[in-house]
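Undergrad: structural data only, the sequence is not supplied:
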């Protein structure tokens, strides 16, 4: 969230962050205190299945390392679709190898983290042109996966 807030520092946009962990909300609020004071960021405690935003109010949605923690994937993807503006883009990022390791060590239930499961949920919610790509991180060592999903202009 801090990287996104840094990008819009001089623009007219605003970054909204939500998390279901109060400690993560507090950490993000502390890290973004200057951006929050300037009205460039806002952080809230919220469940992804019940977001505190109006229909079609977000131009872009970015989330990382979280979809596999959502108890109700269908409710969450429908809610993301609801708050995204027509023509908007939703981006999800994760490091595939780390999820494989987390499952092997018992930190994640078997299969719950599989990207195909999430992609199916996005398609069922109405997202279009859903695709998964592998990207190289800024450190030029870390490979991460990105899922892109769009809400078409003709969809409400």
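TA: Thanks, I have the structure now. It should be emphasised that the depicted structure is a prediction, and the values quoted were computed from it without experimental measurement. Numbers count the residues shown, from 1 in each chain.
Undergrad: least confident secondary structure element in this protein?
TA: helix 2-7 (a mean of 57; mean pLDDT, DSSP states H and E).
Undergrad: right, and the helix or strand after that helix?
TA: strand 15-19 (DSSP states H and E).
Undergrad: parallel or antiparallel, list what pairs with that next one.
TA: With DSSP bridges as the test, strand 15-19 is paired with strand 41-45 (parallel).
Undergrad: mean confidence score for the strand it pairs with?
TA: Strand 41-45 shows a mean pLDDT of 93.
Undergrad: same deal with stretch 138-151?
TA: 92.
Undergrad: who's in contact with it?
TA: 81, 84-97, 115, 118-119, 122, 126-137 (CB atoms under 8 Å, 6 or more residues apart in numbering). No exception for glycine: its C-beta is placed from N, CA and C like everyone else's.
Undergrad: buried ones in it?
TA: 144, 145, 147, 149, 150, 151 (16 or more other CB atoms under 10 Å).
Undergrad: before we move on, back to that, just the buried subset of the contacts of stretch 138-151, written out for ChimeraX, thanks.
TA: Buried residues among the contacts of stretch 138-151 (16+ other CB under 10 Å), as a ChimeraX selection:
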select :81,84,88,89,90,92,94,95,115,118,119,122,126,127,130
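Undergrad: so what's the backbone phi/psi at residue 24?
TA: phi -70, psi -40 (degrees, to the nearest 10).
Undergrad: in this protein, what residue spans correspond to strands?
TA: If DSSP state E is used as the criterion, the strands of the chain fall at 15-19, 41-45, 58-64, 84-94, 128-136, 143-150.
Undergrad: what helices and strands are in contact with the fourth one?
TA: It refers to strand 84-94. Identification of packing neighbours for strand 84-94 by 3 or more CB pairs under 8 Å, 6 or more residues apart in numbering; DSSP states H and E yields strand 58-64, helix 115-125, strand 143-150.
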